[in-house]
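Visitor: 3D model of this:
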Amino acid sequence: MSVKVQQLSKIYGEQKAVDDISFEAKKGEVLGFLGPNGAGKTTTMKILTCFVPQSAGKAEVCGFDVEQNPLEVRKQIGYLPEHNPLYKDMYVKEYLQFVARLHKMKDIKKRVNEMIELTGLQREQHKLIGTLSKGYRQRVGLAQAMIHDPQVLILDEPTSGLDPNQLAEIRTLIKKLGEEKTVLFSTHIMQEVQAICNRVLIINKGKLVANDPIEQLQNRFKGETLLTIEFKQKVKEEQLKALPGVNQAKAITEKRWQLSTPLNQDVRESVFKFAVNNQLTLLEMHKEELSVEDVFRQLTK
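Guide: Model (predicted):
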């Protein structure tokens, strides 16, 4: 496993910022790390990146213990913190060359050019960092996190301040990186989680309350499936309730209905046959699903 956390805790005075959490992340996985403000996400990330020590438990990155081998851990990790610290009086290319030298890289010029192209900084590479928009500063932060080709990327709110076009580009980049690296990705934007992540961790008041693949997470609070259907003609409630597997038929209009069915029962074929047998025109049929945001609210309210 690239990241292994066992019974990790962090106490500040009388407050438990992180309370006995355990999880693993493997290579080729984008792991969404969610939680309300103050839940313990950033503290966990700071422990993994050796910025703060844990109070109890154990954490390993690529087999190296964060307490016993912090220098080796830092070699394996690329970190973009929430408040992206950059030298604003340096030029973009100059700053990336500086970071590459800190990592004692060999072909610095080639690697810097690769990162500039990968993060879309070609037009900004000769500008002062202090003159860049927040979105482009985030790109510089991503470039410095990836420049030494780490095995693990820890990204705390990496898409903060990006416009929709930049957002789509960075999403694609993170997804691509996740094919060959381990990416731990913190965000408050739930659509990003569904678009990018393979698995989701949700932390609340320091405790881990979910550790599931996206599909399983969305099924956690589903006792039934809702199916929305619409016909060109009017349909009676009794006709729809008579279909096998339909518990309830709720009228939205005379032609549009919402059917409640058991969780693991798919009645779409029955609805289609009903429409054919009764010479009805079926205009719409789709299953309603809980979003990641819905589940997040259930687990953290």
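Visitor: Provide the strand pairings for the one helix or strand Ala17 maps to, with the direction of each partner.
Guide: Ala17 belongs to strand 15-25 when assigned by DSSP states H and E. As defined by DSSP bridges, the strand partners of strand 15-25 come to strand 3-12 (antiparallel).
Visitor: pLDDT of the strand it pairs with, averaged?
Guide: Across strand 3-12, pLDDT averages out at 95.
Visitor: which parts of the helix or strand hosting Phe296 are buried?
Guide: In the assignment (DSSP H and E), Phe296 maps to helix 292-300. Neighbour counts over helix 292-300 (16 or more other C-beta atoms under 10 Å) mark 292, 295-296, 299-300 as buried. C-betas here are computed from N, CA, C, even on glycine.
Visitor: swap in stretch 243-254?
Guide: 245-246, 249.
Visitor: can you list contacts of the strand holding Ala17?
Guide: Defining contact as C-beta atoms under 8 Å, 6 or more residues apart in numbering, one finds that strand 15-25 is touched by 1-11, 31, 40, 43-44, 47, 54, 56-57, 152, 182, 184, 201, 203, 205-208, 211.
Visitor: do the same with stretch 276-296
Guide: Outside stretch 276-296, the residues within contact range by C-beta under 8 Å, 6+ apart are 34, 190, 193-194, 200, 202, 210, 214, 217-222, 225-233, 235, 239, 255-256, 258, 268, 271-272, 274-275.
Visitor: and the closest residue to Val61 other than its chain neighbours, what does it touch?
Guide: Using C-beta to C-beta, 6 or more residues apart in numbering and skipping residues adjacent in sequence, the residue nearest Val61 is Val73, 4.7 Å away. Shown in contact with Val73 (C-beta under 8 Å, 6+ apart): 48-50, 61-62, 64-66.
Visitor: and if you look at Tyr136?
Guide: Here Tyr136 is in contact with 121, 124 (criterion: C-beta under 8 Å, 6+ apart).
Visitor: element containing it?
Guide: helix 134-146.
Visitor: pull out the buried residues from that helix.
Guide: Buried, per 16+ other C-beta under 10 Å, within helix 134-146: 135-146.
Visitor: adding pLDDT and distance to Leu118, write those out as CSV.
Guide: Conversion of the buried residues of helix 134-146 to CSV gives the following (pLDDT from 0 to 100; distance: C-beta to C-beta, whole Å):
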residue, pLDDT, distance to Leu118
Gly135, 84, 16
Tyr136, 89, 14
Arg137, 91, 16
Gln138, 88, 14
Arg139, 90, 10
Val140, 94, 12
Gly141, 93, 13
Leu142, 91, 9
Ala143, 93, 7
Gln144, 94, 12
Ala145, 94, 12
Met146, 92, 7
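Visitor: where does Phe221 land on pLDDT?
Guide: 64.
Visitor: re earlier: what's the most distant pair in the buried residues of helix 292-300?
Guide: Val292 and Thr300 (11.9 Å; C-beta to C-beta).
Visitor: what is the burial count for Lys27?
Guide: By other C-beta atoms under 10 Å, 15 other residues sit near Lys27.
Visitor: distance-wise, check Gln7 relative to Glu238.
Guide: From Gln7 across to Glu238, the span is 57 Å (C-beta to C-beta, to the nearest Å).
Visitor: no no, Asp156
Guide: 55 Å.
Visitor: give me the three-state assignment for Lys273.
Guide: Three-state call for Lys273 (DSSP: H, G, I helix; E, B strand; the rest coil): helix.
Visitor: tell me the contacts of it?
Guide: By C-beta under 8 Å, 6+ apart, no residues touch Lys273.
Visitor: all helices for the stretch 51-200 of the chain, in order.
Guide: 70-76, 92-102, 108-118, 134-146, 164-177, 190-196 (DSSP state H, counting those that start in this stretch).
Visitor: can I get the third one as CSV, trimmed to CA atoms?
Guide: This means helix 108-118. Output of helix 108-118 as CSV, limited to C-alpha atoms (Å, rounded to 0.1, in the frame of the first residue of the first chain):
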residue,chain,number,x,y,z
ILE,A,108,16.1,20.3,-14.3
LYS,A,109,15.5,22.2,-17.5
LYS,A,110,13.7,19.2,-19.1
ARG,A,111,11.5,18.5,-16.0
VAL,A,112,10.5,22.1,-15.5
ASN,A,113,9.4,22.4,-19.1
GLU,A,114,7.4,19.2,-18.8
MET,A,115,5.6,20.5,-15.7
ILE,A,116,4.9,23.8,-17.4
GLU,A,117,3.3,22.1,-20.3
LEU,A,118,1.4,19.5,-18.1
